[in-house]
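Participant: need a 3D model of the sequence below.
(4 chains)
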Number of protein chains: 4
Amino acid sequence: MNVLFAGVLARGPVAEAVGERAWLQAMLDFEAGLARAQAAVGLISAQDAEAIAAAARADRFDAAAIGAAAAGGGNPAQPLVKALTAAVADDRARGQVHRGATSQDVVDTAAMLVSRIALDLILVDLRAAADAAAALARSHRDTPMAARTLLQQAVPTTFGLKAAGWMVALDAADDALVAARGRLAVQLGGAAGTLASLGTDGPAVVRELARLLGLAEPLLPWHTDRTRIAELAGALGEAAGAIAKPARDVILLSQTEIGEVREAAGGGSSTMPHKQNPVASISALACARRAPALAGALLGSMDHEHERAAGAWHAEWAPLTDLLVAVGSAASWLRACLSGLEADVERMRTNLDATGGLVLAERVSTELGRALGRGVAHEAIERAAQEAGTFGRPFGEVLAEDEAVREHVDAAQIEALLDPTGYLGSASAFVDRALEAHRARGSRA
Amino acid sequence: MNVLFAGVLARGPVAEAVGERAWLQAMLDFEAGLARAQAAVGLISAQDAEAIAAAARADRFDAAAIGAAAAGGGNPAQPLVKALTAAVADDRARGQVHRGATSQDVVDTAAMLVSRIALDLILVDLRAAADAAAALARSHRDTPMAARTLLQQAVPTTFGLKAAGWMVALDAADDALVAARGRLAVQLGGAAGTLASLGTDGPAVVRELARLLGLAEPLLPWHTDRTRIAELAGALGEAAGAIAKPARDVILLSQTEIGEVREAAGGGSSTMPHKQNPVASISALACARRAPALAGALLGSMDHEHERAAGAWHAEWAPLTDLLVAVGSAASWLRACLSGLEADVERMRTNLDATGGLVLAERVSTELGRALGRGVAHEAIERAAQEAGTFGRPFGEVLAEDEAVREHVDAAQIEALLDPTGYLGSASAFVDRALEAHRARGSRA
Amino acid sequence: MNVLFAGVLARGPVAEAVGERAWLQAMLDFEAGLARAQAAVGLISAQDAEAIAAAARADRFDAAAIGAAAAGGGNPAQPLVKALTAAVADDRARGQVHRGATSQDVVDTAAMLVSRIALDLILVDLRAAADAAAALARSHRDTPMAARTLLQQAVPTTFGLKAAGWMVALDAADDALVAARGRLAVQLGGAAGTLASLGTDGPAVVRELARLLGLAEPLLPWHTDRTRIAELAGALGEAAGAIAKPARDVILLSQTEIGEVREAAGGGSSTMPHKQNPVASISALACARRAPALAGALLGSMDHEHERAAGAWHAEWAPLTDLLVAVGSAASWLRACLSGLEADVERMRTNLDATGGLVLAERVSTELGRALGRGVAHEAIERAAQEAGTFGRPFGEVLAEDEAVREHVDAAQIEALLDPTGYLGSASAFVDRALEAHRARGSRA
Amino acid sequence: MNVLFAGVLARGPVAEAVGERAWLQAMLDFEAGLARAQAAVGLISAQDAEAIAAAARADRFDAAAIGAAAAGGGNPAQPLVKALTAAVADDRARGQVHRGATSQDVVDTAAMLVSRIALDLILVDLRAAADAAAALARSHRDTPMAARTLLQQAVPTTFGLKAAGWMVALDAADDALVAARGRLAVQLGGAAGTLASLGTDGPAVVRELARLLGLAEPLLPWHTDRTRIAELAGALGEAAGAIAKPARDVILLSQTEIGEVREAAGGGSSTMPHKQNPVASISALACARRAPALAGALLGSMDHEHERAAGAWHAEWAPLTDLLVAVGSAASWLRACLSGLEADVERMRTNLDATGGLVLAERVSTELGRALGRGVAHEAIERAAQEAGTFGRPFGEVLAEDEAVREHVDAAQIEALLDPTGYLGSASAFVDRALEAHRARGSRA
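Facilitator: Numbering: from 1, shown residues only, chains lettered A, B, ... in the order given. Alright, predicted model coming up:
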């Protein structure tokens, strides 16, 4: 990521966690783990394994040089293995470096290690964002505001229910990420997945390596089975969407003409001092928007040819890394956005009342329908709505003048019907049970 | 789907299962279920509910007329509700149609019902394809063939291991689809998610409706929480990739110059009677290739504004339907491909031997390395490989002439080293345990 | 397209123009043209050519049967050629059907013919939409409204400039579509691009066929050169984006709280009679949102293997058709949206004044900056902006009380500075020259 | 780009040309140009303009600090302008920095400048690749090889025609990139596109700035008209596809079992010394595969809200940069691949003959058809093809034994018919005219 854009597009700790140093260390961790696993199984000596592990420290290698040399063989594992071999002090141990493994084993396992760390970091921010949404849902459980469908005021809802909706989706994305995390597995197959050069010890080495690296042990070497990558892509894409939704809502609610929420730290403008741009939600949305294409790219690269893909494999590296950064940054921005979000309860009420009760039309329609019949009631309300709109008069006032209406309800009853707080249905009940479920997720965050 | 392309791109039962009639019935099932759920809760009479349910049969409605009328309000639920209301015989019951619901409730729940049926059909073909891969893995557990990395012969493997790899990925996709299926939930929120017009009975109606339709009961109305759609998209994308991989392999193995497998029903050419095109794998790949963009489109449409999206919602309908068709067709084609796939075991062996033993270079290198040291061994082998390549002589023969080599191994030993069946590592062990795991998935298919 | 969704997602004439009947006729037009071109070159008799052409009428063939039979060979051209051959009355002529051609020649040329017709239809609606935008730009050349950056009011602009911006982008998309249309070329290469079965007459036949079908003559058979498809995809994607922008703006301007524009035919709600949903812009946006993924799918299918792709070719058919429908529908919806769009000039002014002059802060800042220095002026304005915001007082009033300010400008001057019509810069000049350029495009539409 | 992957995924000069230093300088070039343009128009003094221009040197600024500070306002232009202002020596000049401009003006114009340089570099490599393809087409104008459709041998073609096909597509992509380059325009609109703070001088400043920066002058400020970005995306996507096609072909032709081409610098394997991986074509394909998703992301970000998008704008920065790098790297790899590509003419012939004449079946079919009738001939050939396949006998030999056949053609005639060099149709003529057209493109490269 170009550093000029990093402040916006690479916020939070994930960018570094998937950076070159992290990848380098992950590849070295694979080599160290491989040596130790072979020692555990008895293929090499513990001494040799430790000599290799001792050399496997990222700060001893030149990432740029390794990257440049990668052009020769088509991947960075080849030059790294060469450099690591050279760095091993002991002659005999040197001969045991990378034994039985192939380049893709190194890069694929490193991808899993890097992804695991990144997921952990993403989950921290995602959970904090969900907790912030939960806090808003709790505080504003009964704060009425206009629900807007197709961006038109529809009926009343509560800010609590809106925030609870954000929270529930974030929690679902959390579950998806945790599931994908659980599938992250070690890759060790050797030249073509048979582990031939390890004789019959292959499976035992794989198992031990998985244990050492804290990754799952796969049923088979998965070098050409990219379902793990696909699940990661799908879960990250889902998380991005779950983040984009509240970000979009905050941007819309922050509009000058609506003004129902305000980010704690709005971005200013040098020449327009009045502007309080919702920078966090805008940036969250910008980061999240990167995800679908990147996830699609990973899904589109699953048809790996035979025992190693000629291009489809290499085409995964950048989108996987970018996707982790995009979602991590989006989560970090959303956390910032929601943590300090200020709701303007008065403005919510003012906007809700702006149509003079029109947002209660559904309710009035239902009530009058019982007395007048659905059709007649609907017509009366449509008439009143139109007149209210045309002459800029309060809907309730116009309605109260309608003869057909007055036969059945009086002005006081109309006023009561037009009270939005009386028409919130199950909003609070929904909020309560969503919060309960969120709490029940426990101390995971 | 244009019927001209349907034979290739819309194979199997899924296309019909997500067609207009199916959608229509699913929307009507929602309305019937809604009426019955309200009757169960006591909001309307059982008689009214049954009157509505009796009218809710797709064959009584004109899908094209409803679709055309959808242009007016922006979705097909509005005109359908109107038509259904007109079709209900009883006056009073007529007034109870669609009570408390909104258009999105109808369309979203119908999407879940349609998806469930489609998933079930997809799973049948996917499992049959996995079983066919399992059968190949079993039959060819010990059939040696050349493993190819970057499309170059690398070392020996078995056709069984290759087929087991296909199977394991298909099984993983199966799990992902089953998980996504489990998340399919009823949607009922009313105008904006509060179910205000149902008073306090909303949650009870939702629960009963979920039970009646056989869908999950969501924590909250999920009209603007699209994580379910995202999980469906991700799982379908994963399945497409898991299908594309064996399809790609079969196409490559069917090449004239390789000829290691042959589809049972190859496609002919009118003017080139010798051609046996692997139509099933080609079509499977073509269908599967549609998936990533469609999945990406769904992931990219998650930022629904406020309580109903102005465009993002509508933008889901086509890709969701298309994605189900694409993956269903791909699964059906793959099943056809793998079920009758003939492996040419002799040709596999001929190709494996074509390099005169070069595919065993890794093994020879390791063995000689013990005696000569890694570097010296590597050089000797590189020398022999080059000479074998240049003069078109068998690698083993050239190697046996190398003085450095002859000091340590004799011709018989070289011949033994060059026997591919002796260098298959854990291939068979891997196949066995993958088959065991596949069997353990039980009689689900 | 599922007819239930067609009213929203397949508006206008394009859906039919790319439907099965149209594709069928286009494939038959290829065969008729091919026969006539060969007659013109002297390879077959004119009589035979006419016998073939006479049979090549879509209404004589069963599209569904051909589509179903396509499963056998992997494309619809094979069964169509068979059916056409059977339909040719004359025995000798029958032997000349499809002579020298291959299936891909039929399908690729038909794709070009279908695309040409679709593009022509799309261009009609796109130009009408651009003309409608031009009319708005003309009528509202000097109508002040708030410019909004990041959805916050920024400075004044005119509705004319906004509409002119829509128009200019639509015109650019028009140019791109016209350029892509010009590249549509006949495809005729025979079994593998050499036209071997036509001896040395191949190029002459191609030229004549191109002339007959009104398509460009390509330098080479382009069966595996998909740059034409890519250009079509790119241009259609661009058009979708140019449509999405005004659709998005109309949706935002139609918000209840903003209300600056209103679509002529707003969509209603049965239970919420006050709602006037901007259905046309919402539907335009929904259709346009389908485009990027479809265009990406086409760009991602360009790596056709050797002389005919095993999957990538087949994977083009659905997205190409869908993309034409999506963009055609979006254009049709946008035309409907803009043609009858009503601007509420008073509401625009009310909203512009709602901040009590804050949208002129940039201007005041610049003016005061000359007298007070940039920094001091900026601080004074920030102070006033904050106080105005906090106490809900008009910005101008607060500003006029600031001592630092009063030393340099009096209340009348401040009032003048806060007149938005005096701070529109080059808005009108820009509108004029954009309209002039639009007019200069001539009578093309 | 992670440097570890840069050797593969960021080859050639483009990565640096779109790196942070390049972007920084481009933003500074905008500011210097803006000052000089205002001086030219008389808005500021030439002295002030030069003082600003003197400070506008990238090496004087800290990109990382600016990037970090970008988080505050949501883009890097704000902190850069602040830093530039501080860097201007003269007090009065300092007050003229960035006058009349807004952040998006800086970033959008910089994007155009950076893209122009990148396109120029991409075009150099793309043209060199096309020239290399042309050289292959020329050298192998008459080299027969098997044409493969659906990866099955079909009929003979020439390697020259295949290479000419690569060249023609690369030339088409070249044209598209040149067209997109011509649309790159300066962006200057001020706070919201009216250039209000420049009074009536706006258009003159824009024109002069365009002249100074060597960019096109747009009809209107294009801050929310993203058609230029879309055209760039489309053209780059097309170029990626045109690169992917030959890369895919080279990978397939390099397969061990086919071996018809060999890259000059094949990548080796440490343990499998015989491997000669076609690293350049694999890497070209890997880079090219990144393009469709990135292009789709840009097309999907065109619906910018009002006068500045809340997210869609920011979402362009990374994919635009990445797309330029991906296509530049792909072009560089393809150039390397094609420049040194060795064709194994003998192997081509061997493969062509491997089916014993079956690839001439179309020809024999046509010839025999004249004598025997199409149906009878087809049957005879199918019979012979099947027997040849089943018993592994040469097709010609079997055919010569067929009684029906022998009545009309003798063995010598069959042999002649089975000579592939006699059935190349217009291959050479096509190559000649494609090369002529390529030459006529002139000395542009």
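Participant: would you mind listing the buried residues in stretch A:278-293?
Facilitator: A:278-293 (16 or more other C-beta atoms under 10 Å in any protein chain shown). The C-beta positions use only the backbone N, C-alpha and C, and glycine is treated the same way.
Participant: which two among those are spaced furthest apart?
Facilitator: Greatest spatial distance in these: A:Pro278 and A:Ala293, 24.0 Å, computed using C-beta to C-beta.
Participant: got the contact list for the worst-scoring helix or strand of chain A on mean pLDDT?
Facilitator: Ranking every helix and strand in chain A by mean pLDDT, DSSP states H and E puts helix A:374-391 at the bottom, with a mean of 82. With contacts defined as C-beta atoms under 8 Å, 6 or more residues apart in numbering or on different chains, helix A:374-391 is touched by A:355-356, A:358, A:361, A:364-365, A:368-369, A:371-372, A:393-395, A:397-399, A:402, A:404-405, B:95, C:270, C:273-274.
Participant: just give the nearest non-adjacent residue to A:Leu358, would you?
Facilitator: C:His274 (4.1 Å; C-beta to C-beta, 6 or more residues apart in numbering or on different chains).
Participant: surely that neighbour is within a strand?
Facilitator: No: counting by DSSP: H, G, I helix; E, B strand; the rest coil, C:His274 is not part of a strand but coil.
Participant: in this structure it contacts A:Phe395, no?
Facilitator: Yes: contact status for C:His274 versus A:Phe395: in contact at 7.5 Å, counting by C-beta atoms under 8 Å.
Participant: what sits in contact with each of those two?
Facilitator: Common contacts of C:His274 and A:Phe395 (C-beta under 8 Å, 6+ apart): A:355, A:358, A:361, A:385, A:388.
Participant: filter those to the buried ones?
Facilitator: Among those, the ones that count as buried by 16+ other C-beta under 10 Å are A:355, A:358, A:361, A:385, A:388.
Participant: just give me the neighbour total for the closest residue to chain B within chain A.
Facilitator: Residue of chain A nearest chain B, by C-beta to the nearest C-beta: A:Gly234 (2.2 Å). Neighbourhood size, A:Gly234 [other C-beta atoms under 10 Å in any protein chain shown]: 29.
Participant: and it, what does it touch?
Facilitator: Applying C-beta under 8 Å, 6+ apart, the residues contacting A:Gly234 are A:176, A:180, A:295, A:299, B:176, B:230-231, B:233-235, B:237-238, B:295.
Participant: A:Thr227 now?
Facilitator: Residues near A:Thr227 by C-beta under 8 Å, 6+ apart: A:183, A:302, B:169, B:172-173, B:176, B:238, B:241-242.
Participant: same thing but at 7 Å, please
Facilitator: B:169, B:172-173, B:238, B:242 (C-beta atoms under 7 Å, 6 or more residues apart in numbering or on different chains).
Participant: and those residues, which two are furthest apart?
Facilitator: B:Ala169 and B:Glu238 (8.9 Å).
Participant: could you give the mean pLDDT of stretch A:133-152?
Facilitator: Summarised as a single mean, pLDDT over stretch A:133-152 is 97.
Participant: list the buried residues for that stretch?
Facilitator: Neighbour-count burial for stretch A:133-152 flags A:133-138, A:140-141, A:143-152 (criterion: 16+ other C-beta under 10 Å).
Participant: does it come close to chain D?
Facilitator: No: shown here: stretch A:133-152 not in contact with chain D (C-beta under 7 Å from any C-beta of the partner chain), separated by at least 11.9 Å.
Participant: how long is that stretch end to end?
Facilitator: Chord length of stretch A:133-152, first to last residue, is 24 Å (C-alpha to C-alpha, to the nearest Å).
Participant: any idea which element A:Ala242 lies in?
Facilitator: Using DSSP states H and E, A:Ala242 sits in helix A:227-253.
Participant: so that helix versus helix C:227-253, what angle?
Facilitator: Helix A:227-253 runs at 40 degrees relative to helix C:227-253, counting by axes from the mean of the first three to the mean of the last three C-alpha atoms, to 10 degrees.
Participant: give the next helix or strand downstream of helix A:227-253.
Facilitator: Next along the chain from helix A:227-253, counting by DSSP H and E, comes strand A:261-262.
Participant: counting by contacts, list what that next one packs against.
Facilitator: When contacts are defined as 3 or more C-beta pairs under 7 Å, 6 or more residues apart in numbering or on different chains; DSSP states H and E, strand A:261-262 sits against strand A:342-343.
Participant: could you identify the longest helix within chain A?
Facilitator: Determined from DSSP state H, the single longest helix within chain A is helix A:103-139.
Participant: buried ones in that helix?
Facilitator: Under 16+ other C-beta under 10 Å, the buried positions of helix A:103-139 are A:103-119, A:121-138.
Participant: please apply the same query to stretch A:39-46.
Facilitator: For stretch A:39-46, by 16+ other C-beta under 10 Å, it's A:39-41, A:43-44.
Participant: distance of the residue nearest the centre of chain A from A:Ala130?
Facilitator: By C-alpha atoms, centre = their mean, chain A has its centre lying nearest to A:Ala239, at 2.7 Å. For A:Ala239, the distance to A:Ala130 equals 11 Å [C-beta to C-beta, to the nearest Å].
Participant: same question for A:Ala65.
Facilitator: From A:Ala65 to A:Ala130 the distance is 43 Å (C-beta to C-beta).
Participant: A:Gln38 now?
Facilitator: For A:Gln38 relative to A:Ala130 (C-beta to C-beta), the value is 43 Å.
Participant: which strands and helices sit next to the longest helix of chain A?
Facilitator: Of the remaining helices and strands, those touching helix A:103-139 by 3+ C-beta pairs under 7 Å, 6+ apart are helix A:14-17, helix A:20-41, helix A:77-87, helix A:159-183, helix A:227-253, helix A:314-339, helix A:427-440.
Participant: so the next helix or strand after it, near chain B or not?
Facilitator: Moving toward the C-terminus from helix A:103-139, the next helix or strand (DSSP H and E) is strand A:144-149. Yes: using C-beta under 7 Å from any C-beta, strand A:144-149 reaches chain B at A:147-149.
Participant: counting neighbours, which of the contacts of A:Thr227 comes out on top?
Facilitator: Most neighbours among the contacts of A:Thr227, by other C-beta under 10 Å: B:Ala242, with 33 neighbours.
Participant: touching, that residue and B:Asp175? I think so.
Facilitator: No: B:Ala242 lies out of contact with B:Asp175 (C-beta atoms under 7 Å); the separation is 10.7 Å.
Participant: hang on, the earlier thing: and the helices and strands packed on helix A:103-139, which is most packed in?
Facilitator: Greatest average neighbour count among these goes to helix A:227-253 (a mean of 29), per mean count of other C-beta atoms under 10 Å in any protein chain shown.
Participant: of all of the stretch 101-250 of chain A, which residue lies closest to chain D?
Facilitator: For the stretch 101-250 of chain A, C-beta to the nearest C-beta, closest residue to chain D: A:Ala191, 6.4 Å.
Participant: which one of the contacts of A:Gly234 is nearest to A:Ala10?
Facilitator: The closest of the contacts of A:Gly234, once distances to A:Ala10 are taken by C-beta to C-beta, is A:Ala295, at 17.9 Å.
Participant: residues near the closest one, how many?
Facilitator: Around A:Ala295 there are 35 residues (other C-beta under 10 Å).
Participant: and it, what does it touch?
Facilitator: Counting by C-beta under 7 Å, 6+ apart, A:Ala295 has contacts A:233-234, A:236-237, A:323, B:296, B:299.
Participant: tell me where chain A is predicted with low confidence.
Facilitator: Chain A contains residues with pLDDT under 70 at A:266-273, A:443-445.
Participant: let's see that with 90 instead.
Facilitator: Applying pLDDT under 90 to chain A flags the ranges A:1, A:89, A:265-276, A:355-358, A:361-362, A:364-415, A:442-445.
Participant: please, which helix or strand holds A:Val155?
Facilitator: Assigned by DSSP H and E, A:Val155 falls within strand A:152-158.
Participant: tell me what angle that strand forms with helix A:427-440.
Facilitator: Comparing the axes of strand A:152-158 and helix A:427-440 via the same axes, to 10 degrees yields an angle of 60 degrees.
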